[in-house]
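A.B. asks: structure of the sequence below:
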Amino acid sequence: MSDLNPQEILRELSQAVRTAVMPHMGTWRSRKVTGVASSGDATFSIDDIAEEAVETFIHSNGLRVSYYSEDKGLVLPKRSGSIEAVLIIDPIDGTRGAIAGFECSVVSVAWCDPKEKPTVSDVLYGAIAELKSGQTFTASKHGNLEILDGSGNSIPAEPSANTDIDKCGLTLGTVGAPLEVLFQAIGPLASRTTVQGGFFVLNSSAYELTRLATGQLGAVVDVRNRLLREHPETRQLFKNYCSGRLMSLYGYDLAAALLIAKSAGCVVTDAWGNSLDNWELMDTTEANFGSLVAAANADLHGKLMEEIDRGFASLPSTF
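C.D. replies: Residues are numbered from 1 along each chain as shown. From the prediction side, this is the model:
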């Protein structure tokens, strides 16, 4: 086992994946669809490269861990014996951004106690590396948030103190959702932000949550699962955009990012305002679909929940 501590191991693992992926960002070769992930999302050739880098790092460093990744599911150690941790890895969160060569794509790695079904509350350490810039975020369950730029210089965490929705930089999760319905619920909230704040669709929840810590964003919202649960008649609409499947937010997406955001003092809940602590990290079935309302501060979070509740209350009884 490496002599490095868990935070250092996660930082080095995330950087190893970044090194492998960087030459392929924004290239036509990275766009090839090579399969379907355990979550039902499309797998691209650039994902395969990232997955291989994860496996190589773990084996070459002799880590006694099992790991869960988006494309491979749970991978057990090749050698018998006790394990020290379960790593929850999204080798590229924001694959579509990486394919386009955008900044909104990261490597996300979380370290959990070796449990059969780890949850958000079991994450002890987290690391996120931005693919394009090399900026890294690491945190432990007891705090110790560290942000380093691509040159290794420390950057302070500076979540926004703004509590005005109109001036809030807001992102929304949309992948696989029927936008014609989703925007009936979220449109009024999103519209308020477009002039003085900013409304973005970045397709990388882990990247977005780190931007709460830097102050670049004020809120991250994903209410796809609330729409599906409160209006099950939209199920077929979701499937129409997902090749007959259902897609949503998954625990592995946010395993590291939630710890980092909370360590920065941000407020994170599901789309109903409930705790995410018991959300399982390796279960991608519909029963474990997730949602998110995250804000830079408690006052803004409360106002967002009021707007979201109002938006859902305004929806017709059926679609």
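A.B. asks: what's across from V107 in the sheet?
C.D. replies: A129 (DSSP bridges).
A.B. asks: hang on, it packs against A129?
C.D. replies: Yes - taking Cβ atoms under 8 Å as the definition, V107 is a contact partner of A129 at 4.7 Å. To be clear about C-beta, it is placed using only N, CA and C from the backbone, and glycine gets the same treatment.
A.B. asks: between the two, what contacts are shared?
C.D. replies: Residues touching both V107 and A129 (Cβ atoms under 8 Å, 6 or more residues apart in numbering): S14, Q15, V17, R18.
A.B. asks: ok, those residues vs L304, which is closest?
C.D. replies: Lowest distance from L304 to the shared contacts of V107 and A129 (Cβ to Cβ) belongs to S14, with 29.6 Å.
A.B. asks: contacting residues around the closest one?
C.D. replies: For S14, the contacting residues are V107, S108, V109, A127, I128, A129, T136, by Cβ under 8 Å, 6+ apart.
A.B. asks: if we use 6 Å, what do you get?
C.D. replies: S14 is in contact with V107, V109, A127, A129, counting by Cβ atoms under 6 Å, 6 or more residues apart in numbering.
A.B. asks: not counting sequence-adjacent ones, nearest residue to it?
C.D. replies: Residue nearest to S14 in three dimensions, not counting chain neighbours: A129, with 3.7 Å by Cβ to Cβ, 6 or more residues apart in numbering.
A.B. asks: now do G290
C.D. replies: Counting by Cβ to Cβ, 6+ apart, G290 lies nearest to L249, which is 4.2 Å off, once chain neighbours are set aside.
A.B. asks: swap in D277?
C.D. replies: For D277, ignoring the flanking residues on the chain, the nearest one in space by Cβ to Cβ, 6+ apart is S121 at 4.1 Å.
A.B. asks: re earlier: just curious, which of the contacts of S14 is nearest to L145?
C.D. replies: Set against L145, the nearest of the contacts of S14 by Cβ to Cβ is A127 (11.1 Å).
A.B. asks: returning to that earlier point: right, and the residue nearest to D277 touches W279 too?
C.D. replies: No - in terms of Cβ atoms under 6 Å, S121 does not count as a neighbour of W279; the distance is 8.7 Å.
A.B. asks: the two: who's more crowded?
C.D. replies: W279 (23 against 13; other Cβ atoms under 10 Å).
A.B. asks: can you give me the pLDDT of the more buried one?
C.D. replies: What the model reports as pLDDT for W279 is 98.
A.B. asks: ok, G302 next?
C.D. replies: Model confidence at G302 (pLDDT) stands at 98.
A.B. asks: pretty sure D166 sits in a helix.
C.D. replies: Yes - remark: D166 belongs to a helix, assigned using DSSP: H, G, I helix; E, B strand; the rest coil.
A.B. asks: if I pick it, what's in contact with it?
C.D. replies: Taking Cβ under 6 Å, 6+ apart as the contact definition, D166 lies against R192, Q196.
A.B. asks: if I pick the nearest residue to P159 once chain neighbours are set aside, what's in contact with it?
C.D. replies: Take P159 and drop its neighbours on the chain: the residue closest to it by Cβ to Cβ, 6+ apart is A296, 4.1 Å away. A296 sits next to P159, S160, L212, G218, C266 when contact means Cβ under 6 Å, 6+ apart.
A.B. asks: lovely, talk soon.
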